[in-house]
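Chemist: Structure of the sequence below:
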Amino acid sequence: MALQKCGLNLNRNRLELQPHGTLDFPCAGFCSQHTDSSDDIIPWHWHEEMEIIYVASGRLKLRVPGKTVCLQQGEAVFINSNILHFAAAETHCEIHSLVFHSTLITGQDQSIFALRYITPLINCMTLNICHLTLAYIWEKIIVSDFIHAFDAIVLEPSGYEFTVRENLSHFCLTLYQQYEQEVEKEYNHQNQDSMRMRKMLDFIHEHYSDHITLAQIAKSADIGERECLRCFQKEIQISPMQYLIKYRVTLSATMLSQTPGSSISEISTKCGFDSPSNFSQMFKRFFLCTPGDYRKRL
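Modeler: Residues are numbered from 1 along each chain as shown. The predicted structure follows:
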């Protein structure tokens, strides 16, 4: 896998479109260098995945709505799922980051890892970011977890996927234990939206290859279309149909790499696109290249 190329592909709502990693291994590593020039910034954006940023050298200022943290060399910051954020170097700096989806750790939405730990962690409004200053032993431990996971992504030794998942799992568990009281307090007061979302996402994941309508997605959770749209906007800040397209495109990228014998037209049909031309258009919107070019790069 190695490192992915840095660069943001954002829609009008500042959502980063390009998937991180692949559907079967949803984790991507990045290494980039920045100066304090006004045009060398990481603009405001957000994504469904969680992110860890580590400052290898220099200093970095990171902002989320209502909060700013200044990171020194050797420090790191955890950015929770769906949190809008911005970053700029205070001096010339080099940053390493991992962007990963919760399913890398949980396996599936209904696993004990998701229900007991990761979903409550993601939904904890207190934990939008966590500045890891290395002032406490637990912070040093999870920064070390990050470094081991990042090195595995870069070097790709045999079985590196296990190393990445193991270290990121331990990172999240330690973070959960530090914020357990806040997490449990907020999770116990959540309304039924999260349960509805699980039902609707399960429906999409099961029927992505079919012609799915908004009405069908809403019906899977026994709610109306307007309530369905509200739930998606509240929980993951993306519409149901946008989520469906992103899921299809991400799955198609995995198929392009893992099934070289399948034609682009066949993959298009399997992933639920009504035509190869529409598939190519949607794929290019996310990956900034055609499916054919993507396969050639592989």
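
Chemist: Could I get the pLDDT score of Leu17?
Modeler: With respect to pLDDT, Leu17 has a value of 69.

Chemist: Correction: the previous question concerned Asn13.
Modeler: In this prediction Asn13 is given a pLDDT of 65.

Chemist: and if you look at Lys185?
Modeler: According to the predicted model, the pLDDT of Lys185 comes to 73.

Chemist: Numbering from 337 from now on, please.
Modeler: From this message on, residue numbering opens at 337, which makes the last subject Lys521.

Chemist: Quick one: neighbours of it, just the number.
Modeler: Applying other C-beta atoms under 10 Å, we find 12 other residues in the vicinity of Lys521. C-betas here are computed from N, CA, C, even on glycine.

Chemist: Same check on the one 10 residues further on?
Modeler: Look at Met531: counted by other C-beta under 10 Å, it has 12 neighbours.

Chemist: quick one: it from Leu537, how far?
Modeler: Here Met531 is placed at a distance of 11 Å from Leu537 (C-beta to C-beta, to the nearest Å).

Chemist: which residues sit in contact with the residue sitting nearest the centre point of the chain?
Modeler: When the chain is reduced to its mean C-alpha position, the nearest residue by C-alpha atoms, centre = their mean turns out to be Glu385, at 1.7 Å. Glu385 sits next to 356, 362, 417, 435-438 when contact means C-beta atoms under 8 Å, 6 or more residues apart in numbering.

Chemist: Who are the contact partners of Asp360?
Modeler: Asp360 makes contact with 590, 594 under the criterion C-beta under 8 Å, 6+ apart.

Chemist: List phi and psi for it.
Modeler: phi -90, psi -20 (degrees, to the nearest 10).

Chemist: and what of Cys429?
Modeler: Main-chain torsions, Cys429, degrees, to the nearest 10: phi -140, psi 160.

Chemist: swap in the one 3 residues further on?
Modeler: Geometry field for His432 lists phi and psi as phi -120, psi 140, criterion degrees, to the nearest 10.

Chemist: how deep is it tucked in, by neighbour count?
Modeler: The tally of other residues near His432 (other C-beta under 10 Å) stands at 21.

Chemist: Nearest residue to it in space, please, no chain neighbours.
Modeler: Nearest residue to His432, sequence neighbours excluded (C-beta to C-beta, 6 or more residues apart in numbering): Tyr390, at 4.7 Å.

Chemist: now do His421
Modeler: Using C-beta to C-beta, 6+ apart, the nearest residue to His421 is Val400, at 5.0 Å.

Chemist: check contacts around that neighbour.
Modeler: 415, 419-422, 464-465.

Chemist: Look up how far Arg532 lies from it.
Modeler: 27 Å.

Chemist: Tell me, how many residues neighbour Cys564?
Modeler: Cys564 - counted by other C-beta under 10 Å - has 23 other residues nearby.
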